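Asks: Attaching a predicted model along with its sequence, questions to come.
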Amino acid sequence: MAADGKEQGRRYQIVVRGHLEPHWQPWFNGMDITNIPAGEAVLSGLVVDQAMLQGLLTKIQDLGLTLISVQCLESGDKT
């Protein structure tokens, strides 16, 4: 959060092939995990900076998951 109490960052949606169990949520920096019937998992939440985004993508790679898409949904900065 910024000094004025507003969240900084952007909301992202990351889709990977395969389902993820809820216990992985803390490992993905608290991103919400939603498994969809197509056999994919959607990680969504606030990404505060590019270093955090790179860390999430590295964790996906380290788990051997197939990355389907990365999408920036909106700015988390509400002014």
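Replies: That came in fine, so what should we check first? On a predicted model such as this, the values are computed, not experimentally measured, just so you know.

Asks: Please count neighbours and contacts with C-alpha atoms only from this point.
Replies: Will do.

Asks: How many neighbouring residues does residue 49 have?
Replies: By the criterion of other C-alpha atoms under 10 Å, residue 49 has 11 neighbours.

Asks: Need the nearest residue in space to it, chain neighbours excluded.
Replies: residue 9 (6.0 Å; C-alpha to C-alpha, 6 or more residues apart in numbering).

Asks: In this protein, what residue spans correspond to strands?
Replies: For the chain, strands defined by DSSP state E occupy the ranges 10-17, 32-36, 40-47, 67-75.

Asks: out of the ones you listed, which comes closest to residue 26?
Replies: If you check each of these against residue 26 by C-alpha to C-alpha, strand 32-36 wins as the nearest, at 9.4 Å.

Asks: distance of residue 53 from residue 39?
Replies: Per C-alpha to C-alpha, to the nearest Å, residue 53 is found 23 Å from residue 39.

Asks: swap in residue 27?
Replies: Separation of residue 27 from residue 39 (C-alpha to C-alpha): 21 Å.

Asks: quick revisit: comparing the strands of the chain, which comes out most buried?
Replies: Burial of these is given as mean neighbour count (mean count of other C-alpha atoms under 10 Å); strand 40-47 ranks first at a mean of 21.

Asks: Check the offset of that one from the chain's centre.
Replies: Counting by C-alpha atoms, centre = their mean, to the nearest Å, strand 40-47 is centred 4 Å from the centre of its parent chain.

Asks: one step back: reformat the strands of the chain as CSV; add mean pLDDT and distance to residue 58.
Replies: Output for these, formatted as CSV (pLDDT from 0 to 100; distance: least, C-alpha to C-alpha, whole Å):
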stretch, mean pLDDT, distance to residue 58
strand 10-17, 97, 12
strand 32-36, 97, 17
strand 40-47, 97, 14
strand 67-75, 90, 11
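
Asks: Which residue of residue 53 and residue 39 possesses the greater neighbour count?
Replies: residue 53 (16 against 11).

Asks: Quick check: the more buried one touching residue 47?
Replies: Yes. Using C-alpha atoms under 8 Å, residue 53 is in contact with residue 47, at 6.3 Å.
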